[in-house]
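Peer 1: Sequence and predicted structure are below.
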Amino acid sequence: MGQPTKADAECVRVVVRCRPLNEREKADGRTRIVEMDRTSGHVVLRNGKADATDPPKSFTFDSVFDWESTQKEVYESTAAGIVNSTLEGYNGTIFAYGQTGTGKTHTMEGYAVDPRQQGIIPQSFEHIFAAIEGSSNIQYLVRASFLEIYNEEIRDLLSKNPKDKMELKESKDSGVYVKGLNAFVVKSVPDIRNVLEVS
């Protein structure tokens with residue numbers, strides 16, 4: 001699938017990932033009901049409880065990643081271009097959407113103790129600060145915020161009161177923003193990890 005082009009990083013892309021079965025699911029004897037074609041972006045979903053004659057449902061997405069995809073593959077194909085654009089001064093958004101247990105945390109956070117299992121968020125930290133350290137004639141200011149959108153409600157996960165609802169606002173000067181959202185200046189990967197751990 002290779003590195004995304006600049007044009008890929010500048011448009012909305014819908015990407016689906018099917019995470020591997022976890023140990024509990026394997027112990028319960030659960031099986032996969034989805035097949036994925038990474039080349040075509042095609043996903044076939046069959047209902048394990050339906051009659052054998054019931055046809056499967058099929059969908060096509062910009063990209064798909066199956067249970068054998070590595071965290072690095074997912075990052076480089078979906079997030080690296082967006083992070084590069086933010087380093088050039090553009091806004092970028094990466095978000096995970098899905099039901100509980102579908103792998104959002106696995107994809108976005110992963111497992112910090114194993115570098116091969118780090119998700120999009122920690123890989124973004126490494127990418128951003130490596131780029132900053134490698135630049136000589138540009139000044140960067142990195143601020144970290146952490147919010148959750150759940151059931152159309154916004155919460156500041158770095159707030160002393162993270163259950164308080166926040167308001168989405170728009171300004172002619174600064175664009176769309178979350179009123180009162182905490183933002184902390186960070187200067188290194190350990191700094192930004194500390195901010196994330198607070199939440």
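Peer 2: That came through, no problem.

Peer 1: Buried residues, the longest helix belonging to the chain. List them.
Peer 2: Using DSSP state H, we find that the single longest helix of the chain is helix 120-134. Across helix 120-134, burial judged by 16 or more other CB atoms under 10 Å covers 120-125, 127-129, 131. Heads up, the C-betas are built off the backbone N, CA and C, glycines and all.

Peer 1: So which other helices or strands are in contact with it?
Peer 2: Identification of packing neighbours for helix 120-134 by 3 or more CB pairs under 8 Å, 6 or more residues apart in numbering; DSSP states H and E yields helix 71-74, helix 80-87, helix 104-108, strand 142-144, helix 189-198.

Peer 1: change it to 10 Å
Peer 2: Counting contacts by 3 or more CB pairs under 10 Å, 6 or more residues apart in numbering; DSSP states H and E, helix 120-134 packs against helix 71-74, helix 80-87, helix 104-108, strand 142-144, strand 184-186, helix 189-198.

Peer 1: residues near the nearest residue to P20 once chain neighbours are set aside, how many?
Peer 2: Of all residues beyond its chain neighbours, the one nearest P20 is W67 (4.1 Å), with distances taken as CB to CB, 6 or more residues apart in numbering. For W67, the number of neighbouring residues by other CB atoms under 10 Å comes to 13.

Peer 1: Just list the residues touching W67, thanks.
Peer 2: 17-21, 32, 34, 36, 103 (CB atoms under 10 Å, 6 or more residues apart in numbering).
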